[in-house]
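Trainee: here are the coordinates; sequence isn't available:
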Ligand code: UDP
């Protein structure tokens, strides 16, 4: 296995920890997915059968402030990758897409057939790459492509050795809650409690990162059987509110999470969660870890690595 990373939002130390957890040696090559010459040398030097393409920027607010960076990295990077894959006749690809492609969908739970209406540059880049890959698949039946639409990936590996290490103050709920629990941040701001949900706070489909990783393994196995194009939600199939997550985190870890209710965050959707039946049918995959597991593992990671990987 070969990992390529430009480390724009990650640390090389992760590789040591992956090797410790798996007991396997992993080749790590530093480089950028937009650099076709670089990619060509990697494909020349390694016998690659399939690619899992994770190399995307993912902060919504940053994508609004700096859209060109997102189109360049996410769209141009994906184009460069599939061009080089074509050149080397490697035609099995798993792409990290996102539930954000559904936008303000009215259907709950959301099936893969729901209308698509991303509404920020980050979401547009995910949908554009999906479209490129759909067209590529239609043009050449040798391609096997899985578009995996992630819901809200959270938590950390059970060992507490690898987890999320966001730059600066976290934007997302789970790392924010973890840092409040650790005393690094004073209190959680809950963005609105007047949504039409169970307790007024936003509802999301949180999926444990290890379940998410296993979804990729399942997808690779299906690609191997010449499945063509496969578009699948990766989610648990049910939603939890912000307050439910906070309460579960407190129960599981015994740590207090002080919070206050503030204004809604611009662009937030009240509620979304996956229809997860297609993943079960097509990939023989479903989540096995619940919200308590997610909170426990997120806290292991946070408490064992108060400074992240540094
Ligand atoms: N949220 C919150 N406070 C925070 C961060 C997030 O109340 O500091 C809420 C947010 O409004 C949403 C949910 O938590 O209802 C999940 O937000 P996150 O940013 O983690 O994911 P996304 O918005 O991409 O679904």
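Mentor: Great, that's in hand. What you see is a predicted model; the values in this text were computed from it and never measured.
Trainee: where does residue 112 land on pLDDT?
Mentor: Listed pLDDT for residue 112 reads 98.
Trainee: can you count the residues close to it?
Mentor: Close neighbours of residue 112, defined as other Cβ atoms under 10 Å, add up to 19. Every residue, glycine included, has its C-beta placed from N, CA and C.
Trainee: Run a quick check on it versus residue 232, I expect a contact.
Mentor: Yes. The pair residue 112 / residue 232 is scored as a contact, 6.6 Å apart, by Cβ atoms under 8 Å.
Trainee: give me the number of residues near whichever residue of the stretch 201-310 of the chain sits closest to the ligand?
Mentor: The minimum distance from the stretch 201-310 of the chain to the ligand, using Cβ to the nearest ligand atom, falls at residue 202 (2.2 Å). Residues near residue 202, counting by other Cβ under 10 Å, number 24.
Trainee: hey, what's in contact with both of residue 112 and residue 232?
Mentor: Counting by Cβ atoms under 8 Å, 6 or more residues apart in numbering, the shared contacts of residue 112 and residue 232 are 149, 278.
Trainee: Could I get the contacting residues of the residue of the stretch 201-310 of the chain closest to the ligand?
Mentor: Taking Cβ under 8 Å, 6+ apart, one finds 191, 192, 195, 241, 242, 268, 269, 270, 271 in contact with residue 202.
Trainee: got the residue ranges for the strands in the stretch 201-310 of the chain?
Mentor: 203-204, 206-208, 229-234, 240-241, 259-262 (DSSP state E, counting those that start in this stretch).
Trainee: Listing partners with orientation, what would you give for the longest one?
Mentor: When pairing is defined by DSSP bridges, strand 229-234 lines up against strand 144-150 (parallel).
Trainee: picking that back up, kindly reformat the strands of the stretch 201-310 of the chain as a markdown table containing mean neighbour count, mean pLDDT and distance to residue 39.
Mentor: Putting these into a markdown table (neighbours: other Cβ atoms under 10 Å; pLDDT from 0 to 100; distance: least, Cβ to Cβ, whole Å) gives the following:
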| stretch | mean neighbour count | mean pLDDT | distance to residue 39 |
| --- | --- | --- | --- |
| strand 203-204 | 24 | 97 | 34 |
| strand 206-208 | 25 | 98 | 29 |
| strand 229-234 | 23 | 98 | 22 |
| strand 240-241 | 22 | 98 | 39 |
| strand 259-262 | 13 | 98 | 44 |
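Trainee: how about those strands, which one is nearest residue 11?
Mentor: strand 206-208 (21.6 Å; Cβ to Cβ).
Trainee: Paired strands for that closest one, with orientation please.
Mentor: strand 152-154 (parallel).
Trainee: Quick check: which helices or strands does the helix or strand following the partner strand pack against?
Mentor: Where DSSP states H and E defines the elements, the next helix or strand beyond strand 152-154 is helix 173-181. With contacts taken as 3 or more Cβ pairs under 8 Å, 6 or more residues apart in numbering; DSSP states H and E, helix 173-181 sits against strand 188-191, helix 242-253, helix 291-304.
Trainee: what is the mean pLDDT for the longest one?
Mentor: Going back to what we said before, that points to helix 291-304. Helix 291-304 shows an average pLDDT of 98 in the prediction.
Trainee: That one vs the ligand: in contact?
Mentor: No. Judged by Cβ under 6 Å from any ligand atom, helix 291-304 stays clear of the ligand, getting no closer than 11.8 Å.
Trainee: neighbouring contacts of that helix?
Mentor: Here helix 291-304 makes contact (Cβ under 8 Å, 6+ apart) with 154-164, 174-175, 177-179, 181-182, 206, 208, 210, 240, 244-245, 248-249, 251-253, 255, 289.
Trainee: Please point out which parts of that helix sit buried.
Mentor: By 16 or more other Cβ atoms under 10 Å, the buried positions in helix 291-304 come out as 291, 293, 294, 295, 296, 297, 298, 299, 300, 301, 302.
Trainee: okay if I get these as CSV plus distance to residue 59?
Mentor: As requested, these are exported to CSV (distance: Cβ to Cβ, whole Å):
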residue, distance to residue 59
291, 24
293, 26
294, 21
295, 23
296, 26
297, 23
298, 19
299, 23
300, 25
301, 20
302, 20
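Trainee: between the residues you listed, which is nearest residue 77?
Mentor: For the buried residues of helix 291-304, the nearest to residue 77 is residue 301 (27.7 Å; Cβ to Cβ).
Trainee: Many thanks, we can stop here.
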